[in-house]
Structures are given as structure tokens and as C-alpha cells.
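Asker: below: sequence and its predicted model.
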Amino acid sequence: MRIAVLLCFVLFNVTLHSQNLLESNLRVNNLIAGTLLEKNSESDTLAIIIADSGPTDRNGNQRNMQNNSLKFLAEKITEEGISTFRYDKRLIPLIRQNTLQEERLRFDDFVNDAVAVISFFKDKYSSIILIGHAQGSLIAMLAAQKIEVTKIISIAGMGESIDQLIIGQLELQAPGLVDNAKQAFKDLKETGKSKNYSQGLVTIFRPSVQPFMKSWINYDPSEIITELDLPILLIQGTKNLQIPQEQAELLKSAKPEAQLILIKDMNHVLKQIEGDDLENSKSYNEPYRPVSSELIKNIISFINE
């Protein structure tokens, strides 16, 4: 049945991509829609790209952050003969339809979305690889516990729970907020609510987002990765301003058999940065700048192993 539905979409919603790729816009369910790219419709391998946090669309973009990182990633992978599917986070249609109830959102919603995508393609592709970017890395690992996949590629994945990562970032950027954040996270874990937080932390602890944050901090990626029995590639850029290299090293320590590749000068949105932090920051809104060629080379090599 899934194949029939997929063929229906492919027959009526296909365009020829500029790089001679077949582009099909597919709807998995009422919340998940994305783009399937194929170079050869007979390919039996599919890479599913899972985006980072926030209202991130299938191309890796948000309203005030247009860089096309995941669009370029998908195109370059597909040019090498591996089909790709990338999809909008569920926040995109919910915001567009003005139906987002932030207080009802849970981390497992994103995991279940990934599982739904995998299930949608399971009958057509014998090999499914998950490529998770940042938050998408943890989503990929949790999804792989629920449904069988062939391999996982973690790009800029976190190696510790989100509360510990945030505290680490605050220690570097706003040390005066560290103690307050620690107490707020402690309250959230123990009581399910946090009330006495600084206004400087309102984006993290506003009441409507606390249920989601509580559901997220329950997961430690370094514990989850040890439970997986499949090939894993860890990729980290050396100019990532959001996720430090130590996070990838934590994952590698937890799963020694995983491959770890450090890509010199690659930043969080997968672009090669030759200059300083200003160039790095500007690249988040440079939709024309290509993704790292070294990134593509290593992904293709791992998939083809």
C-alpha cells in the first residue's frame, strides 16, 4: 500500500531538478511533508535528513536564517547516486496554520515523526541511512531504537543532555546566569516546573516551553548511543560556534567503534569558513554558499562502505 501511495505522489508531483535529479514533493502525513531527490529511480538506498531544533524547514532554513544547508547537503548526496529525503519539522505547518500549542509539544513528537518517515519509505528502499543534524542526531538515535535502519550519520550531535550543554554554553557566554540555570533545571527535573528563573533565561524556561524542555533533558545522547548496534559516523566541524568539538568526543568515548571525523573549518550550518567568527555568523544567512565538500566526501564514503 505504501508503494502505491508513493508511486501516486511520484507520478503526479515530480519535477526535473537543475542537476538532472528527480525531485518529488511528498506528504508523509498531515504534519510531515518533504522532498525526495533521486538520481536513479531504481536506487535501493535512501538517506533521510533530520533537521536541527526550532522551526527548521526541509532546506535547513528558519524565518530569519536562510542558508540552504540541508538543501545543498541533499543535492550533493543525491548527485552521487544516493536518494535523499528531507522534511519540514512539524513546527512549520503548525505555525503556518496558527495551531501550534507549544505547551503540548514533547521531544518524542519529533522522534515519532522520524519513525513515520522511515516507515513511509521502508518498503521501497532496502537500505535507509539517517543523517541527523545537531538535535536531529539525537532524534535519529532514538528513532533507530524503534525501527530498523542501516546506518546513522551524526553531524554536530550533542554528547550530553541539553541541560548540561546549555549550562556549558552559559559558563562561557554568561557566567552570571549559571547558578540560576542550574537551579531552574533542577526544579524542572524534580517538580516538572521552574518559576524562579532570570529574565535572561526566559527563552529556555518560559512556562509554555517547560514541558518540552523537561522531555528533552531526560535523554543523554552518550547513553542512547551505547544501546545502538549499527554503524555510526560522527562528524564535527572545527568552526562550530554552537556545538563544541568535545560533544563529538563524548559520543566517541561512549561508542568507541563509531567513526569520528573532524572537518577543518566547517561550521554549524555545514559551510567552510576560512575567516573569523564574523564570517562564520554571516554564513547563516548566505543561501548561496555551498556546504563543505569534505563533508560530502566522508558521507558518501561511509554510506558506500
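Answerer: All right, it came through fine.
Asker: got the domain ranges for this structure?
Answerer: 2-160+220-304, 162-218 (automatic domain parsing).
Asker: could you find the closest non-adjacent residue to residue 245?
Answerer: Using C-beta to C-beta, 6 or more residues apart in numbering and skipping the chain neighbours, the partner closest in space to residue 245 is residue 236 (5.5 Å). All C-beta spots, glycine's among them, are computed from the backbone N, C-alpha and C.
Asker: counting by contacts, list what the helix or strand that neighbour falls within packs against.
Answerer: If you go by DSSP states H and E, residue 236 is part of strand 232-237. Packing partners of strand 232-237 (3 or more C-beta pairs under 8 Å, 6 or more residues apart in numbering; DSSP states H and E): strand 151-155, helix 245-254, strand 259-263, helix 293-304.
Asker: right, and these - which one's nearest residue 104?
Answerer: Smallest distance to residue 104 across the helices and strands packed on strand 232-237 (C-beta to C-beta): 28.1 Å, for strand 151-155.
Asker: on that earlier part again, which one of the helices and strands packed on strand 232-237 is the most hemmed in?
Answerer: Mean neighbour count (mean count of other C-beta atoms under 10 Å) peaks for strand 151-155 among those, with a mean of 26.
Asker: which strands and helices sit next to it?
Answerer: By 3+ C-beta pairs under 8 Å, 6+ apart, strand 151-155 packs against strand 127-133, helix 135-146, strand 232-237, helix 293-304.
Asker: now with 10 Å, please.
Answerer: The elements that strand 151-155 packs onto, with contact taken as 3 or more C-beta pairs under 10 Å, 6 or more residues apart in numbering; DSSP states H and E, are strand 45-50, strand 127-133, helix 135-146, strand 232-237, helix 245-254, strand 259-263, helix 293-304.
Asker: just want the angle from whichever helix or strand comes after that strand to helix 135-146.
Answerer: Using DSSP H and E, the helix or strand that follows strand 151-155 towards the C-terminus is helix 162-173. For helix 162-173 against helix 135-146, the angle by axes from the mean of the first three to the mean of the last three C-alpha atoms, to 10 degrees is 160 degrees.
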